[in-house]
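**Student:** I would like the atomic coordinates for the input below:
(4 chains)
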Number of protein chains: 2
Amino acid sequence: MVSRVAAILSAFTSETPAMGVSELARRCGLAKSTVSRIVAELIEHGFLERKGNDLILGLRVFELGELAARPRDLRRLAVAVMADLRQATGQTVHMAVLEDAEVVYIAIMHSRTSPRMPSRVGGRMPAFATGVGKALLAFAPMSAVDRVIEKGLWKVGPRTITDGDVLRDELLRIRASGLAIEREESGEGISCAAAPIIGADGTVVAAISISGFSDYLDVSQVGPAVQTAVLGLNRLLKTRPAALPHL
Amino acid sequence: MVSRVAAILSAFTSETPAMGVSELARRCGLAKSTVSRIVAELIEHGFLERKGNDLILGLRVFELGELAARPRDLRRLAVAVMADLRQATGQTVHMAVLEDAEVVYIAIMHSRTSPRMPSRVGGRMPAFATGVGKALLAFAPMSAVDRVIEKGLWKVGPRTITDGDVLRDELLRIRASGLAIEREESGEGISCAAAPIIGADGTVVAAISISGFSDYLDVSQVGPAVQTAVLGLNRLLKTRPAALPHL
DNA sequence: CGAGTGTGTCCCAGTGAACGGAACAATCTT
DNA sequence: AAGATTGTTCCGTTCACTGGGACACACTCG
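**Tutor:** This next block holds a predicted model:
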């Protein structure tokens, strides 16, 4: 029963990376005995590990995660460019993909000077409230935007866009300019500029952003940097689509 | 049925990151219809994705992999030290844990000057043929060594130890010195020096190595570097075991 | 063109395995 | 020492999974 396994594995989060069988059963709404048995099987296969009575995600999950084709290809494609961007701007560089109404961070290169951003590789953020998210949505099919708006827009940061029509306008502007700007929409004191990576077939595959603390980051200055960097990638993808074998 | 799910996910490797349902069924020894159905469920939960008719590991696996407690804690513990080691030696730095008879690479910092080593984060190597593996085995319970030898020692590199007794002697020596040296045992032209990270309770939790191409790497020179770096970590773990919350 | 091979999906009957309530032992709390 | 945790095991019921086969579609080759 895949859905039970999914429920069990998904119960582990950044905040709760370890828990016991009872807690697990409670969160999943499953019988303790069921969870106990499935957990034993998962441990058997290395998907979970025991630490005393607590359970943690196992090494096998880590191994498989490193094999996931999409993140791997994207990283391979963009690491060099991302490193250049960090080098040139001194800020933090993000790469993310769109998943449902959220973005998932695939790679992060933290600024060497500024304090660390709270973002985490593998972590999620609502798409409408982030630079990468807006860049992705602007070039995604309309239906994706509809779904995001339908799910509701809430205040993530001090200046998050919480109106559907305003968001649509913003996305149109981004689509026209190819550059997404975000100021304090995702969190207090944080700004960023993002641009979309467009695959050979014209669909968005990911987005890259430069972000930092508003006091030290001039978005109008770093904007062109991300944009040109990403345009280079897009051209590369157009001429040599095999750079992303598993799109 | 967890074991079928495990079989399906495990069919994806670094060499074969994408395949169709039929191929998958063949590799797992399952009926095509069964695989088709399970695959549909896995896609539902984001564990797999479609790329045309081919399947690839999904984003959810990547997300979960990044949450796995052991790799996360170890990375957090050792990144700084690893960076220092690379900086100081200019060589490639590896961190790995022991899993059954193999090592799994948790983090790699590639040399900035030398050509890339073939190792991959999340990748596996036979424990007996690598520096990190020997360092881990030397401090692991005897049963682990027995199991490794029982599974057989084959020629991985030009100078791999293929005799059980020789390996045992070598491990004793390593245990005494706290430093594992490896010259062309894992691959042609590759040498390395490794040392074990010992947890607060006295068990090995991981190993760190400096490796490079024999022509440019003097193991007797980098040996002390890894060793002192790791000893620092061990002392830290002894005084503040909470540095590795999920052991 | 049509036979031949490949692909992935769907259907369905039979059965075997998963479910979960309950009883259990073992720890911690109170 | 009673009470409330924890995780594991047992076992009868039942339900969902299995897999053979039929199906539609795509591609290749004579």
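
**Student:** you'd agree A:Gln91 is up against A:Ser211?
**Tutor:** Yes - using CB atoms under 8 Å, A:Gln91 makes contact with A:Ser211 at a distance of 6.5 Å. (C-beta placed from N, C-alpha, C; glycine too.)

**Student:** mind checking the end-to-end distance for stretch A:154-170?
**Tutor:** End-to-end distance of stretch A:154-170 (CA to CA, to the nearest Å): 16 Å.

**Student:** rewinding a little: can you pull the residues that touch both of A:Gln91 and A:Ser211?
**Tutor:** Shared contacts of A:Gln91 and A:Ser211, defined by CB atoms under 8 Å, 6 or more residues apart in numbering or on different chains, are found at A:Leu217.

**Student:** Tell me the bridge partners for the closest residue to A:Leu217 other than its chain neighbours.
**Tutor:** Leaving aside its chain neighbours, A:Leu217 sits nearest to A:Ser191 (5.2 Å; criterion: CB to CB, 6 or more residues apart in numbering or on different chains). With DSSP bridges as the criterion, A:Ser191 is bridged to A:Arg183, A:Gly212.

**Student:** Quick check: can you list the domain ranges of chain A?
**Tutor:** Per the record, chain A has its domains at A:2-66, A:70-243, by automatic domain parsing.

**Student:** how about the first one, does it get close to chain B?
**Tutor:** Yes - on the criterion CB under 8 Å from any CB of the partner chain, domain A:2-66 is in touch with chain B at A:2-3, A:5-6, A:9-10, A:12-14, A:17-18, A:38, A:41-42, A:44-47, A:49, A:51, A:54, A:56-66.

**Student:** Of those residues, which belong to strands?
**Tutor:** Counting by DSSP state E, these place A:Ala18, A:Glu49, A:Lys51, A:Asp54, A:Ile56, A:Leu57 in strands.

**Student:** hang on, isn't the fifth one packed against A:Phe47?
**Tutor:** No - assessed by CB under 8 Å, A:Ile56 is found out of contact with A:Phe47, at 10.6 Å.

**Student:** Any of the ones in strands among the residues of domain A:2-66 next to chain B buried? List them.
**Tutor:** Neighbour counting with 16 or more other CB atoms under 10 Å in any protein chain shown marks A:Ala18, A:Glu49, A:Asp54, A:Ile56, A:Leu57 as buried within those.

**Student:** what's the nearest residue to the second one if we skip its chain neighbours?
**Tutor:** Setting aside the residues directly before and after it, A:Glu49 is nearest to A:Gly58 in space (CB to CB, 6+ apart), at 4.5 Å.

**Student:** For that neighbour, the count of nearby residues, please.
**Tutor:** 22 (other CB atoms under 10 Å in any protein chain shown).

**Student:** ok, back up a step: need the max-distance pair from the buried ones among the ones in strands among the residues of domain A:2-66 next to chain B.
**Tutor:** Across those, the longest distance by CB to CB is 11.4 Å; it joins A:Asp54 and A:Leu57.

**Student:** about what we covered before: quick check: phi and psi at the residue nearest to A:Glu49.
**Tutor:** With angles defined as degrees, to the nearest 10, A:Gly58 sits at phi -90, psi 170.

**Student:** For A:Ala176, see how far away the residue nearest to A:Leu217 is.
**Tutor:** Distance, A:Ser191 to A:Ala176, using CB to CB, to the nearest Å: 21 Å.

**Student:** Between the two, which is the more surrounded one?
**Tutor:** A:Ser191 (25 against 9).

**Student:** Need the pLDDT of the more buried one.
**Tutor:** Predicted confidence (pLDDT) for A:Ser191: 96.

**Student:** got the contact list for it?
**Tutor:** Contacts for A:Ser191 (CB under 8 Å, 6+ apart) come out as A:Ile181, A:Glu182, A:Arg183, A:Glu184, A:Ser211, A:Gly212, A:Phe213, A:Ser214, A:Leu217, A:Val219.

**Student:** again, only using 10 Å
**Tutor:** By CB atoms under 10 Å, 6 or more residues apart in numbering or on different chains, the contact set of A:Ser191 is A:91, A:131, A:159, A:181-185, A:210-219, A:222.

**Student:** same thing with A:Val81?
**Tutor:** For A:Val81, the contact set (CB under 10 Å, 6+ apart) comprises A:Val93, A:Met95, A:Ile197, A:Ile208, A:Val226, A:Thr228, A:Ala229, A:Val230, A:Gly232, A:Leu233, A:Leu236.

**Student:** now the strands for chain A?
**Tutor:** Per DSSP E, chain A has strands spanning A:18-19, A:48-51, A:54-57, A:92-99, A:102-109, A:124-126, A:180-183, A:190-198, A:204-213. These are given in chain order.

**Student:** mind listing what's buried in stretch A:18-32?
**Tutor:** For stretch A:18-32, burial by neighbour count (16+ other CB under 10 Å) applies to A:Ala18, A:Met19, A:Val21, A:Leu24, A:Ala25, A:Arg27, A:Cys28, A:Leu30.

**Student:** Adding pLDDT and distance to A:Ala243, write those residues out as JSON lines.
**Tutor:** Shown next, in JSON lines, are the buried residues of stretch A:18-32 (pLDDT from 0 to 100; distance: CB to CB, whole Å):
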{"residue": "A:Ala18", "pLDDT": "95", "distance to A:Ala243": "39"}
{"residue": "A:Met19", "pLDDT": "94", "distance to A:Ala243": "41"}
{"residue": "A:Val21", "pLDDT": "94", "distance to A:Ala243": "45"}
{"residue": "A:Leu24", "pLDDT": "93", "distance to A:Ala243": "41"}
{"residue": "A:Ala25", "pLDDT": "93", "distance to A:Ala243": "45"}
{"residue": "A:Arg27", "pLDDT": "92", "distance to A:Ala243": "41"}
{"residue": "A:Cys28", "pLDDT": "91", "distance to A:Ala243": "40"}
{"residue": "A:Leu30", "pLDDT": "90", "distance to A:Ala243": "43"}
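
**Student:** out of the residues you listed, who's near DNA strand C?
**Tutor:** Taking CB under 7 Å from any atom of the strand as the test, DNA strand C is in contact with A:Leu30 out of those.

**Student:** and which of the buried residues of stretch A:18-32 is nearest DNA strand D?
**Tutor:** Nearest to DNA strand D, judged by CB to the nearest atom of the strand, of the buried residues of stretch A:18-32 is A:Val21 at 3.8 Å.

**Student:** Tell me which residues touch that closest one, please.
**Tutor:** A:Val21 neighbours (CB under 10 Å, 6+ apart): A:Ile8, A:Lys32, A:Ser33, A:Val35, A:Ser36, A:Arg37, A:Ile38, A:Val39, A:Ala40, A:Asn53, A:Asp54, A:Leu55.

**Student:** Please repeat the previous calculation with a cut-off of 8 Å.
**Tutor:** A:Lys32, A:Val35, A:Ser36, A:Val39, A:Asn53, A:Leu55.

**Student:** How about the second one, nearest residue that isn't a chain neighbour?
**Tutor:** What that stands for is A:Val35. Spatially, and ignoring its direct neighbours in sequence, A:Val35 is nearest to A:Ala25 (4.2 Å; CB to CB, 6+ apart).

**Student:** ok, now how distant is that neighbour from chain B?
**Tutor:** Here A:Ala25 is placed at a distance of 16 Å from chain B (CB to the nearest CB, to the nearest Å).

**Student:** Please apply the same query to A:Thr113.
**Tutor:** The spacing between A:Thr113 and chain B, counted by CB to the nearest CB, is 16 Å.

**Student:** what's the answer for A:Ile190, then?
**Tutor:** From A:Ile190 to chain B the distance is 21 Å (CB to the nearest CB).
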